[in-house]
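Chemist: Okay, predicted coordinates and the sequence, questions at the end:
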Amino acid sequence: MTYDRLVCANCAAPVSEGRCPVCRANRERLQQENFLAGLNPTALIALLVVLIAAVALLAHQTV
């Protein structure tokens, strides 16, 4: 899950905005846990497409 969709229980604002200390602490923790956590779904799909294209290119060159 990306942290941009999480809502803080302390201030009821999106965690990605970091309005209160609890939001900022959780945002930092989520960013440190996984570098892909901050990416939105569109960026993840684009990354997947690039990786598939790279594998296809390598497979085509070895044949």
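Modeler: Everything's here; your move. Residues are numbered from 1 along each chain as shown.
Chemist: For the rest of this, base every contact and every neighbour count on C-alpha atoms.
Modeler: Noted.
Chemist: which sections of this protein are below the confidence cut-off?
Modeler: For the chain, the stretches with pLDDT under 70 are 1-4, 34-38.
Chemist: Grab the longest helix from it for me.
Modeler: The longest helix of the chain (DSSP state H) is helix 41-62.
Chemist: isn't residue 8 right up against residue 24?
Modeler: No: using C-alpha atoms under 8 Å, residue 8 is not in contact with residue 24; the gap is 9.9 Å.
Chemist: intersection of neighbour lists for these two?
Modeler: In terms of C-alpha atoms under 8 Å, 6 or more residues apart in numbering, residue 8 and residue 24 are both contacted by the residues residue 15.
Chemist: ok, the two, which is more surrounded?
Modeler: Comparing residue 8 with residue 24 by other C-alpha atoms under 10 Å, the one with more neighbours is residue 8, at 19 against 16.
Chemist: For the more buried one, give its distance to residue 18.
Modeler: 9 Å (C-alpha to C-alpha, to the nearest Å).
Chemist: What of residue 39?
Modeler: Separation of residue 39 from residue 18 (C-alpha to C-alpha): 17 Å.
Chemist: Return the residue spatially closest to residue 26, with its sequence-adjacent residues excluded.
Modeler: Residue nearest to residue 26 in three dimensions, not counting chain neighbours: residue 15, with 7.3 Å by C-alpha to C-alpha, 6 or more residues apart in numbering.
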